[in-house]
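Engineer: I would like the atomic coordinates for the input below:
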Amino acid sequence: MIDPDGYRPNVGIIVANPAGEVLWAKRVRQQAWQFPQGGIQHGETPEQAMIRELNEELGLSASDVQLVGCTSGWLSYRLPRQFVRRGNRGRTCIGQRQKWFLLRLVGPESSVRFDLTDQPEFDGWRWVNWWLPLDEVVAFKREVYRSALNELAPLLDISPRGSASADAV
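Structural biologist: Numbering: from 1, shown residues only. Take a look at the predicted model:
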């Protein structure tokens, strides 16, 4: 599903532990790390897509997590030219428009599993500091990550972090 502007509606998922660290997942057979995310299917609400993606990508169910909050609006990023592709009905997908969810893991860490699907997206994970993803995520997603992390940080009593130029000072 691609919206009229060329963006694919999507959800981003940040899973935190009680210490305020976040689950950082490694893409299959790559050294690329990211938060779980996935497309919203026709007829799904963002919340329904988040629960489905949580299960598909991390093996977690709704009972393994507690919803802490979500971004007030949608955050968008454009894909680099080499990743732009034609979607359904011939529309060109130029990027993702995302609603971000912050979840707290309340079930056991052993519930995180990648073997519940035939085509897992991840093959490893670790707990990291709240702000580490800004240093490790692929560049074209960085500003969306910054916006989501800054908006959701106060929900875990984490101080917001400034823009890239302010971080360099």
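Engineer: who are the packing partners of the longest helix seen in the chain?
Structural biologist: Identified as the longest helix of the chain according to DSSP state H is helix 46-58. Packing contacts for helix 46-58, counted by 3 or more Cβ pairs under 8 Å, 6 or more residues apart in numbering; DSSP states H and E, involve strand 7-16, strand 22-27, strand 37-39, strand 95-105, strand 122-128. Backbone N, C-alpha and C define where each C-beta goes, glycine included.
Engineer: my read: residue 34 touches residue 140, true?
Structural biologist: No: counting by Cβ atoms under 8 Å, residue 34 sits too far from residue 140 to count as a contact (11.5 Å).
Engineer: out of those two, which sits in the more crowded spot?
Structural biologist: residue 34 (19 against 14; other Cβ atoms under 10 Å).
Engineer: and residue 69, which of the three is it?
Structural biologist: strand (DSSP: H, G, I helix; E, B strand; the rest coil).
Engineer: what's opposite it in the beta bridge?
Structural biologist: residue 102 (DSSP bridges).
Engineer: could you report the pLDDT at it?
Structural biologist: We have a pLDDT of 98 for residue 69.
Engineer: now it: how far from residue 159?
Structural biologist: 16 Å (Cβ to Cβ, to the nearest Å).
Engineer: how about residue 35?
Structural biologist: 20 Å.
Engineer: more neighbours, the two?
Structural biologist: Per other Cβ under 10 Å, whichever of residue 35 and residue 159 has more neighbours is residue 35, with 21 against 9.
Engineer: so that one makes contact with residue 14?
Structural biologist: Yes: between residue 35 and residue 14 a contact is recorded at 5.6 Å, counting by Cβ under 8 Å.
Engineer: between those two, which contacts overlap?
Structural biologist: 22-23 (Cβ atoms under 8 Å, 6 or more residues apart in numbering).
Engineer: so how far is residue 11 from residue 47?
Structural biologist: Taken as Cβ to Cβ, the span from residue 47 to residue 11 is 8 Å.
Engineer: which neighbours do those two share?
Structural biologist: residue 101.
Engineer: run through this structure and note the low-pLDDT ranges.
Structural biologist: Across the chain, the ranges flagged by pLDDT under 70 are 86-89, 162-169.
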